[in-house]
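> build the 3D model from these lines:
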Amino acid sequence: MQIVLITVLSLMTLGLFFSFLRFIKGPTAADRTVALDTMSVIATAGLVLLGLMFDRYIYIDVALIYAVLGFIGVIVIARFIEKAL
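Numbers count the residues shown, from 1 in each chain. Below you'll find the model as predicted:
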C-alpha cells in the first residue's frame, strides 16, 4: 500500500510541475486558466489522498469545498476573458 501511495504522490507532483510550467509559459490567458484549473484539481486530489492516508475524513470535506471554490474561480476568470475579447 505504501508503494502505491508514493507512486501516486510522485505522479501528482510531476503533473503539478508540468501544469505550473504551462501556467508560466502559456501564450494566452486561456492556457493559463486551464493550467490553473488543472493545478486546482491536482490539489483537490492531493487533499483526498491525504485524508485517506491519515484516516482524517475532514480533509475530504475541505477538498470538496476547495473544488467548488476552484470551479467558481475558473468561471469568473472565463467570464472576465470573454468580456475582454
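> which of the helices or strands spans Arg56?
Assigned by DSSP states H and E, Arg56 falls within no helix or strand.
> can you give me the helices in the chain?
With DSSP state H, the ranges of helices along the chain come out as 2-25, 29-54, 58-84.
> how about those in CSV, adding mean neighbour count and mean pLDDT?
Placement of C-beta: from N, CA and C, glycine included. Shown next, in CSV, are the helices of the chain (neighbours: other Cβ atoms under 10 Å; pLDDT from 0 to 100):
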stretch, mean neighbour count, mean pLDDT
helix 2-25, 12, 93
helix 29-54, 17, 93
helix 58-84, 13, 93
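> end to end on stretch 15-35, go ahead and measure it.
One end of stretch 15-35 to the other measures 10 Å (Cα to Cα, to the nearest Å).
> what's in contact with that stretch?
Leu36, Thr38, Met39, Ile42, Ala43, Val74, Ile77, Ala78, Ile81, Ala84 (Cβ atoms under 8 Å, 6 or more residues apart in numbering).
> can you tell me how far the fifth one sits from Ile58?
Looking back up the chat, that one is Ala43. In this view, Ala43 and Ile58 are 16 Å apart by Cβ to Cβ, to the nearest Å.
> any idea how far the nearest residue to Thr38 once chain neighbours are set aside is from Leu69?
Leaving aside its chain neighbours, Thr38 sits nearest to Ser19 (4.4 Å; criterion: Cβ to Cβ, 6 or more residues apart in numbering). Counting by Cβ to Cβ, the separation of Ser19 from Leu69 is 18 Å.
> separation between the residue nearest to Thr38 and Ile6?
20 Å.
> what's the answer for Gly15, then?
Taken as Cβ to Cβ, the span from Gly15 to Ile6 is 15 Å.
> over to Met53?
From Met53 to Ile6 the distance is 11 Å (Cβ to Cβ).
> ok, now Leu16?
Going from Leu16 to Ile6 by Cβ to Cβ gives 15 Å.
> same thing with Ala84?
Distance of Ala84 to Ile6, given as Cβ to Cβ: 43 Å.
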